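> sequence first, predicted model second:
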Amino acid sequence: MIQYKAPLKDIQFLINDVFDFQKHYPQVPGGEEATPEMVDAILGEAARFSEEVISPLYQSGDKGCLFRDGEVTTPKGFREAYGQYVEGGWQGMSAPVEYGGQGLPLSLGVIKSEMIGTANWSWGMYPGLSLGAMNTIYMHGTEQQKQTYLVPLTEGRWTGTMCLTEPQCGTDLGQVKTKATANSDGSYNLSGTKIFISSGEHDLTEQIVHIVLARLPDAPEGTRGISLFIVPKFHVNDDGSLGDRNPVYCGSIEEKMGIHGSS
């Protein structure tokens with residue numbers, strides 16, 4: 001079986017001789033911390049993790065996930081590798097410091113994700129989908145939502161998804177039919193079906209935070225009538241602990257060509 005080998009020399013040539021990261025890093029938030037020594041250390045460790053931990057899991061991942069009674073068990077070794085990923089602080093490498101991240105330049109995070117994705121795309125989709133959820137909450141969430149959801153997502157203790165596609169609509173999101181009705185306490189009840197939700201159910205983390213597109217009863221037609229909701233797998237108590245299970249369930253998992261390890 002062919003093993004992944006990170007192209008470190010090519011990456012270092014690009015960041016040093018083509019894009020000259022060190023010239024513009026002092027001008028971006030967190031860039032002053034990204035010294036040449038630190039960048040080399042990060043790239044070296046990301047390469048080691050991708051080569052030695054993630055790449056060897058491709059074979060077990062190709063056997064696929066186990067789906068039973070609405071629960072998904074990821075392939076052998078996936079969960080342990082994710083634990084190492086969290087312990088290494090990789091998820092929050094380029095996330096804001098005030099929400100548990102390291103605040104390093106986004107370009108470093110992109111290189112890290114490129115290595116992991118190339119080494120094992122099935123595995124890399126689990127933390128990769130969380131980045132979209134993290135960015136959405138950071139850009140549009142309230143401060144309370146950021147403290148409740150963004151911090152554990154940044155730390156990697158929770159993962160996230162983006163729930164857009166439905167059976168009747170993919171690229172044309174104006175056709176979204178998932179309904180949202182308001183409750184007296186300010187929360188909402190959602191009803192509908194989403195499909196192709198990568199990482200929508202798994203055993204890597206105890207909590208999964210879904211970012212869901214839905215439509216309010218009086219919403220106008222088309223994309224202007226779409227609202228965005230945070231739907232956690234488990235309700236979150238005031239102290240940050242997990243409460244009762246939210247009635248959101250996985251009905252099946254897709255068989256994805258070449259990435260069977262992705263639920």
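On my side now, so go ahead.
> please identify the buried residues of the helix or strand of the chain with the lowest mean pLDDT?
Here the helix or strand of the chain ranked lowest by mean pLDDT, DSSP states H and E is helix 21-24, holding a mean of 89. Residues of helix 21-24 classed as buried: residue 21 (neighbour count, 16 or more other CB atoms under 10 Å). The way it works is simple: take the backbone N, C-alpha and C, and place the C-beta from them, glycine included.
> and if you look at stretch 141-157?
For stretch 141-157, by 16+ other CB under 10 Å, it's 141, 146, 148, 149, 150, 151, 152, 153, 154, 155, 156.
> contact partners of that stretch?
Contact with stretch 141-157 is made by 82, 85-86, 89-92, 95-96, 99-101, 127, 130, 133-134, 137-138, 158-160, 205-207, 209, 230, 232, 236, 240, as judged by CB atoms under 8 Å, 6 or more residues apart in numbering.
> change it to 6 Å
Residues outside stretch 141-157 that contact it (CB atoms under 6 Å, 6 or more residues apart in numbering): 86, 91-92, 95, 99-101, 130, 134, 137-138, 158, 160, 209, 236.
> residue boundaries of the helices in the protein?
Using DSSP state H, the helices assigned to the chain run over residues 8-13, 21-24, 36-49, 58-61, 78-87, 106-119, 121-140, 143-145, 151-155.
> remind me which residues of this protein are low pLDDT?
Where the chain drops to pLDDT under 70, the residues are 1.
> and it, what are its domains?
Per the record, the chain has its domains at 8-147, 160-245, by the TED database.
> nearest to residue 260, of these?
The stretch from these with the least distance to residue 260 (CB to CB) is domain 8-147; that distance is 4.0 Å.
> endpoints of that closest one, how far apart?
36 Å (CA to CA, to the nearest Å).
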